[in-house]
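In: need a structure here:
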Amino acid sequence: MRKFIGLQLFLVCFCTSLFAQKKLEVLFLGNSYTYVNDLPTLITQIALSKGDTLIHDENTVGGSTLQAHSTNATSLSKIQSKPWDFVVLQEQSQLPAFPPSQVATDVYPYADSLNKYIKKNDSCTNTLFFMTWGHQDGDPSNCATYPPICTYEGMQAGIRNTYLQMSQTLNAVVAPVGVAWKRVRDDGDSIVLYAADGSHPSIAGSYLAACTFYASMFHKSPIGAAYPVGVNPATALHLQQYAHQVVFDSLDLWKIDTLTVHAGFSDIISENHISLTNYSTNADSYFWNFGDGQSDTGNITTHTYSATGTYSVMLVAFRGCASDTVIQSVNITSVGINTVAKESRFVKLFPDPASDYIIFEIPEFTKTFNYSILNSQGVEVLNGEAVAGKRISISPLSSGMYCYLLKIDGKLTVGKFQIVR
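Out: Numbering: from 1, shown residues only. Predicted structure coming up:
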């Protein structure tokens, strides 16, 4: 089988950019729903297992409300202590489900006050609301005065509406933990999410929350992440999948997409001349560094090197406070790279995550094409010919992240996928 000679260096670097590590600093302000099972540490462990870093601090006092945090000297001091990437706000578990008129006086003003304090400290810090869950059997203690919260469904609906309203009003992000919780319940899954009191989370419930937070903050799938003692592998995978589905099915609703900039570029061609096509998403300004002392700020750019060699091309994509950086090594030779490799939105791979096989869906394409599969270090582990819509066996491959390279009608397309077993 012919291999894609001359593109190995480029594809290795492309894979590296796809699996780029992230480091976030996050402050958690909440109560026992956050400190039971040490939710921040669970998120940290998930991030570490996925190659990312979470540095966190917290002030989580049992029963504390947003009103209490808005005047708490410790909470305010911690907000001021550094320019956080996120400050997580978690309201007391019952208040968001109360009548709208009561929420308007007991919840919204203090969410607004904390959000303003956060932005005053650093305008680029994102306020992130921790959408909690309804109690297992609703709220019997307040049922008589407000019947909608007599059941779990009614209580959960109120909580969801309140957090979404705060998100929209304050232009803040939501970690939709309560929605993931409801998805598990609606599916009739036997996973026990509640502790014995029917309110606080079990270790499985906290792990579901941690997976949802990881996906919301890092904008990456939690599937394949580490899991704590007390959660078995099958349960962990189910919870990871629930979190993935809920977060990535509705990125706009949770306002997660407003934070995310993805930097990417392609088109590396010909001897000492390169043409770089920018396909960054959600960005409105750019900075290129060609690795030879020259730079540019255009969207689509070309560059000619004065000498052969290996150069690091860097693209930084910006939108407001958000940015993303991708760096690729370019080997400039007298031979050159004559083929274009790019990540295509028209090629779809499924299932993802995969287990025993993958299928490439290529609209209006019926001929055979060549494929090459590389691991996250850029080493080719599988190659062959395939037909769109037909299964390709990946049974010899172990769990992990992979890149694919397809040659379709003389053009090259790259992408990524995950194998989970």
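
In: What residues sit buried inside stretch 252-271?
Out: 254-256, 258-259, 261-268 (16 or more other CB atoms under 10 Å). All C-beta atoms are positioned from the backbone trio N, CA, C, and that covers glycine.

In: so after the helix or strand in which residue 401 is found, what's the next helix or strand?
Out: Secondary structure from DSSP states H and E places residue 401 in strand 400-408. Going down the chain from strand 400-408, the next helix or strand is strand 411-419, by DSSP H and E.

In: Show me how far that following strand is from its chain's centre.
Out: Distance of strand 411-419 from the chain centroid (CA atoms, centre = their mean, to the nearest Å) equals 19 Å.

In: Show me what it is packed up against.
Out: Counting contacts by 3 or more CB pairs under 8 Å, 6 or more residues apart in numbering; DSSP states H and E, strand 411-419 packs against helix 8-18, strand 341-343, strand 400-408.

In: any idea of the mean pLDDT in it?
Out: Strand 411-419 carries an average pLDDT of 76.

In: same check, this time on stretch 325-335
Out: 73.

In: So which bits of that stretch are buried?
Out: 326, 327, 328, 330, 331, 332.

In: I'd like these laid out as TSV, including distance to residue 146.
Out: Output for these, formatted as TSV (distance: CB to CB, whole Å):
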residue	distance to residue 146
326	51
327	55
328	57
330	63
331	67
332	69
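
In: neighbouring strands for the strand holding residue 401, and are they parallel or not?
Out: Its sheet considered, strand 400-408 pairs with strand 368-375 (antiparallel), strand 411-419 (antiparallel) by DSSP bridges.

In: strands paired with the very next helix or strand once past the shortest one, and their directions?
Out: What that stands for is strand 368-375. Remark: after strand 368-375, the chain's next helix or strand is strand 380-387, criterion DSSP H and E. Taking DSSP bridges as the criterion, strand 380-387 forms sheet pairs with strand 368-375 (antiparallel).

In: List the buried residues for the strand it pairs with?
Out: 369, 370, 371, 372, 373, 374, 375.

In: cool, stretch 58-78 as well?
Out: In stretch 58-78, counting by 16+ other CB under 10 Å, buried: 58-61, 64-67, 69-70, 75-76, 78.

In: Among those residues, which ones are in strands?
Out: 58, 59, 60 (DSSP state E).

In: does the closest residue to the first one other than its chain neighbours sit in a helix, a strand or a coil?
Out: In this case it means residue 58. In space, and not counting its chain neighbours, residue 58 is closest to residue 28: 4.0 Å by CB to CB, 6 or more residues apart in numbering. Three-state assignment for residue 28 (DSSP: H, G, I helix; E, B strand; the rest coil): strand.

In: So what touches the biggest helix by length in the chain?
Out: Taking DSSP state H as the criterion, the chain has its longest helix at helix 152-170. With CB atoms under 8 Å, 6 or more residues apart in numbering as the test, helix 152-170 has contacts from 91, 96-98, 103, 107-108, 111-112, 115, 127, 129, 131-139, 147-149, 172-174, 178-179, 181-182, 185, 253-255.

In: All set now, cheers.
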